[in-house]
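Colleague: Sequence plus the predicted model coming up.
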Protein chains: 2
Amino acid sequence: MFERKVYLNLSTIEKALAAFLAIPSPLGRERVPLAQCLGRVLAEPAVAIVSSPAYAGAAMDGVAVWAEDTFGASLNNPKKLPLGQKAFWVNTGHPMPEGTNAVVQVENLIPGPNEVTIEEAVYPFRDVRKIGEDLVATEIVLPVGAEIGPYELGALAAAGVLEPLVFTAPLALFIPSGSEMAPLGSISQKELQTGVKLPEFNSLMIKALVEKLGGHLEVWPIVPDDPKLLTATLRKAALEPFDLIITSAGSSAGAKDFWPGILVESGELFFHGLKAMPGKPAFGGLIDGKPVLGLPGYPVSAVLAFELLGEPLIRSWRNQSPSQRPTVNVKLFQDLPSRPGLVEFIRVRLGLVGSNLVAAPLPRGAGVVSSLARADAMIRIPAESEGLSADHLARAELLRPLEDINGAILAIGSHDNALALLDGLLRQRRSNYSLASAHVGSLGGLLALAKGLTHVAGCHLLGEDGIYNQKAVSERLKGQPTRVIRLVQREQGLMVLKGNPKKIQTLTDLARADVTMVNRQKGSGTRVLFDYELKKLGLNPDQLKGYDDEEFTHLNVAAAVLGGRADVGLGILAAALALNLDFIPIGQEEYDLAILAKFIEDPKIVALLDIIRGPQFIKEAKALGGYGFERTGEEVFATD
Amino acid sequence: MFERKVYLNLSTIEKALAAFLAIPSPLGRERVPLAQCLGRVLAEPAVAIVSSPAYAGAAMDGVAVWAEDTFGASLNNPKKLPLGQKAFWVNTGHPMPEGTNAVVQVENLIPGPNEVTIEEAVYPFRDVRKIGEDLVATEIVLPVGAEIGPYELGALAAAGVLEPLVFTAPLALFIPSGSEMAPLGSISQKELQTGVKLPEFNSLMIKALVEKLGGHLEVWPIVPDDPKLLTATLRKAALEPFDLIITSAGSSAGAKDFWPGILVESGELFFHGLKAMPGKPAFGGLIDGKPVLGLPGYPVSAVLAFELLGEPLIRSWRNQSPSQRPTVNVKLFQDLPSRPGLVEFIRVRLGLVGSNLVAAPLPRGAGVVSSLARADAMIRIPAESEGLSADHLARAELLRPLEDINGAILAIGSHDNALALLDGLLRQRRSNYSLASAHVGSLGGLLALAKGLTHVAGCHLLGEDGIYNQKAVSERLKGQPTRVIRLVQREQGLMVLKGNPKKIQTLTDLARADVTMVNRQKGSGTRVLFDYELKKLGLNPDQLKGYDDEEFTHLNVAAAVLGGRADVGLGILAAALALNLDFIPIGQEEYDLAILAKFIEDPKIVALLDIIRGPQFIKEAKALGGYGFERTGEEVFATD
């Protein structure tokens, strides 16, 4: 029998954080030698103990003199001063000899054995570094809450603050849970592919996030979904000197989500369920006065919940306000619908296309951890909103410096692994160039190109005339001069399991009752090719089981076949080779890059074309397999 | 006899860097377990080894079904499916049982003991997490040169890349030099105050900078200024497995600057002297194929030279372009003259005053390491420029997020240590508020206020009527409604060495032949008071030795007296107490904050006034000593 549970106390992000912030800070204060202070945070204002410099010193090489002795000296009227009596050799930094108050630079004097000839008068304190020029003793050098970075180390050292009073480093505990979870690297390929075991790696990410805050994270062994074991573990944790207890997974409202109930019994539950997506299955509470943050099991949810709650909590303990990411206005490539009632966080890639900073959304799934690593920015859709319209600019929080993003070529369109190769080769130039791709199919790419929302669109659209791309580009980009550059030829064909168990030979076999196919999305070049071939054969889509089951990339089609969801799918040889599938060729297609003519002289695009035309790209693409390079790099046609 | 040296080969920053970049990268490549990869950089594209997820799993809690079995089900027409045959309980993440292709969420069904009643039809793959939703095996997850942060750890773990190929961590050596240098903390107060010994702390800053790049810095003992010892140390270093050798100090063109000459003899000298200020006395070269970066001894010069040359060099070894700081347009508070021929780097504090992002320059000296810790941004004045005019916007490179700067109250005007207390108290509010002060004297502050370039101006200007601030504010801020808030009363008086060796009793003693004074700068409130008192006594400035020797803060005047540069100076009791000087009171003055009326409701200003009117400020200021609080927090007057 299934036990139905519900979220006990759904909370806004602000309320959830406020509940945590009401707990008194568990951090202590300690004196730490400066050499170990990097990343620590001051627990009291740092007051200069000594002045810097603590003595008057020469600021230049030359002779130290009493300024009045040089008055009247000039090139025409040099003055001689006896060395050791009225003039003393000094180097930069050396203390000023008694009875001197200025330095005559070595350039402005003629040295003799017993005297120097001064050719320029100096005023008092000329080229003398005064006491306290940098810092005067008792001056406040840095305020409470200042994080000690490289510069602060220098300022504190100069001020003689050699053991600043800092907050103790936050010590957090991570309790992973889940009967199916296993340590990273302990799982066989088979266990992974049957879903019997899942790798636990959220601890790795949260540990890194805590360390970036200057804290430490201890990770305990994985606890199976057993309420008794979970309770015992949480109670044991509460007795140890952790400042924050983080639980992982088991935080939702399913039959095996035990943590929130345990916290109700053993401590206090502030909230269960966060009005955020990803991040909803989070909870928060208290045990023995210690804060407990319950993170969801899905990695993106876990990271977001930690960043929304754990990070500002730890910062507050050190008198620091929540860190804020820089924001920019971006043009959405497409409408972003969203579910009202939850704040939604959308990861996006960015590209500066002309004057448009364009945002192309990455997959939204809470399990798509790659979307975090690939994201340039995060768009926050407010809870009351039903989504954002592409007609208005949206506000995006930057995850990378805008300066890096400005070097990115945006490639919205058809997906090909060769785009990732181009990205890598661009980065290897030691420039700040890169290639950010978003996969929306060939037609979607041309649409984006026509709207000025992408630099480059990868496409392979078979025209009714049997020629690739020419018709589609001419139609979609009327009045917008476009250059079409050949990237590669690709072998398209039917991908089937190794050994071809269903004995599929031609496209007509897809109409067989025992065959299920997987398709590509409408607007993709592969779909156009597939429909073109069906028409030629007189086959009706209704005859094909799985025709409406769509995937967005070749590799995802291959994965659907490999995983048994479908028996066959149309895709490129490279994808079949990648996943070790058998491949029945259908024909060669041409994969081109359409580029607006006005960007063709842009140094980024020049660099891209240079790479496409160079030997390294062909070498690396050959290694992937399934590609032809007959006219690679050539401009195959242009439109006005 | 003095040996005159010159810079051997002055170089632009670009040429100097190009010379370093021409050396082949010394870094190797190694496989490192993911748990130790934080901060490492990929040496090859990371290719997914497994798909993520590697199996089809439930994306929701509920029952797994064959979608077609639910077709037609609705609230009015529920369908019953037998458990264990056509419906199987699943929790989020669990593998889909064989023969199922969709999940009916627990919310949309009624569980029974042997069957479930389905109230909503599901389409195939509804709430099923497909194979490869996140990543498909063979997909390129991250490019070469990608730095592994928290998100990247997750993406690599999901992709099964458990031992990525990364570049070896750069290993650098730091050789401090200088006969007068001594390890931090090993120097007595007396040695420090006579300048006999200087603390070596550049190693601390450079180590932190190298560690932020994911590298390690080994620091060798300080080498005295002895060419033989220096040569032997450099040759020994060349034999060890360092990727980069950094020397510290002895890099200029003085008698004791031996390093460049040693490099000429033992290796190759690329350049000697960098066209940058601070940073000029840097050099670069090669020994036994290893790059040698010679950093100047002054801390700000050392940090800048490392950031200009060392950091981009290390990044280039890992296929990374030089890091770029975000830039903003700022309004200069005053003209910034600069010496042509050198790129000059000016550290500035920033404040957003109305719509003006205002930059107030910090002291420029290469020894003023506090200017680095206090700076919000850096303005780069090009080599060909004679400086920047306040009439034009200038470009500034941000050292802190703009979001933090937006919370700063800018306080340009007279200096008082109480401003640092207010800064600390603002920060302790866990808001992003802070107070950034720049010290230009009372009149300069009112000038900035009148131009809309500061939120707040601290001032203590005695009018001819004997009343503080009223006349000055009324005159300078005509037509700009201003509120004047009392901060503190301060005791002004003559500061003399403990025991008052010159027996100074009144201001008239300053005219004595055996007495040298130190003055405050024109436009400062203390200078106005001093001149007011002189006039009252009928004293002529020409009679006072040191009248033209000016300092910019009370503490610097106190330091000049303590260091013996002057016998006496006018300043506040707090400064005398701070440096343990004797104090001869002259009278009480009123130190106020002038605030434009239009900012008085700004939440930052509201918070500031709240703090001034609270008990904690008075408590902390009392501890500094020398303050009165009679009308603290009161609006003493307002102008229209």
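Modeller: On my side now, so go ahead.
Colleague: domain assignment for chain A?
Modeller: A:13-25+A:170-316, A:29-53+A:133-167, A:57-129, A:327-400, A:434-639 (automatic domain parsing).
Colleague: Run the chain-centre distance for the lowest-mean-pLDDT helix or strand in chain A.
Modeller: Least confident helix or strand, chain A: helix A:573-578 with a mean of 84, by mean pLDDT, DSSP states H and E. Distance, stretch centre to chain centre, for helix A:573-578: 29 Å (C-alpha atoms, centre = their mean, to the nearest Å).
Colleague: Same check on stretch A:391-407?
Modeller: Its chain's C-alpha centre and that of stretch A:391-407 lie 12 Å apart, by C-alpha atoms, centre = their mean.
Colleague: Equivalent analysis for stretch A:429-446, please.
Modeller: In this view, stretch A:429-446 has its centroid 17 Å away from the chain centroid, taken as C-alpha atoms, centre = their mean.
Colleague: got it, and stretch A:299-318?
Modeller: 16 Å.
Colleague: what about it, how long is it end to end?
Modeller: From its first residue to its last, stretch A:299-318 covers 27 Å (C-alpha to C-alpha, to the nearest Å).
Colleague: Mind checking the pLDDT average for that stretch?
Modeller: Mean pLDDT, stretch A:299-318: 96.
Colleague: How about stretch A:258-267?
Modeller: 94.
Colleague: what's that stretch in contact with?
Modeller: Stretch A:258-267 has contacts (C-beta atoms under 8 Å, 6 or more residues apart in numbering or on different chains) with A:8, A:177, A:225, A:227, A:230-231, A:234-235, A:238, A:247, A:250-251, A:269, A:272, A:283, A:285-288, A:292, A:294. The C-beta positions use only the backbone N, C-alpha and C, and glycine is treated the same way.
Colleague: Could you tell me which of those residues are located in strands?
Modeller: A:247, A:269, A:272, A:283, A:285-287, A:292, A:294 (DSSP state E).
Colleague: tell me the helices in the stretch 451-600 of chain A, going along the chain?
Modeller: A:470-476, A:525-537, A:554-562, A:573-578 (DSSP state H, counting those that start in this stretch).
Colleague: Report the mean per-residue pLDDT for the first one.
Modeller: I take that to be helix A:470-476. 93.
Colleague: so what does it touch, helix or strand wise?
Modeller: helix A:441-450, strand A:482-496, strand A:635-639 (3 or more C-beta pairs under 8 Å, 6 or more residues apart in numbering or on different chains; DSSP states H and E).
Colleague: How about that helix, which residues are buried there?
Modeller: Under the neighbour-count criterion of 16 or more other C-beta atoms under 10 Å in any protein chain shown, helix A:470-476 has A:470, A:472-473, A:476 buried.
Colleague: contacts for it?
Modeller: Residues outside helix A:470-476 that contact it (C-beta under 8 Å, 6+ apart) are A:442-443, A:446-447, A:449-450, A:459, A:461, A:463-465, A:482, A:484, A:594, A:637, A:639.
Colleague: Indicate which one of the helices and strands packed on helix A:470-476 is closest to chain B.
Modeller: Comparing these by their distance to chain B (C-beta to the nearest C-beta), the top pick is strand A:482-496, with 12.4 Å.
Colleague: what helices or strands is the closest one leaning on?
Modeller: helix A:470-476, helix A:554-562, strand A:568-572, helix A:573-578, strand A:582-596, helix A:603-612, strand A:627-628, strand A:635-639.
Colleague: Lowest average pLDDT across those?
Modeller: helix A:573-578 (a mean of 84).
Colleague: Format the CA atom coordinates belonging to that one as CSV.
Modeller: Backbone C-alpha positions of helix A:573-578 (Å, rounded to 0.1, in the frame of the first residue of the first chain) are rendered in CSV as follows:
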residue,chain,number,x,y,z
LEU,A,573,26.6,7.9,-38.3
ALA,A,574,28.7,9.8,-35.7
ALA,A,575,25.9,9.3,-33.2
ALA,A,576,25.6,5.6,-34.0
LEU,A,577,29.3,5.2,-33.7
ALA,A,578,29.3,7.1,-30.4
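Colleague: between the domains of chain A, which gets nearest to residue B:351?
Modeller: Closest to residue B:351 of the domains of chain A is domain A:29-53+A:133-167 (C-beta to C-beta; 15.8 Å).
Colleague: anything in the closest one near chain B?
Modeller: Yes - interface with chain B: domain A:29-53+A:133-167 contributes A:34-35, A:38, A:45, A:50-53, A:133-146, A:149-155, A:157-160, A:162 (C-beta under 8 Å from any C-beta of the partner chain).
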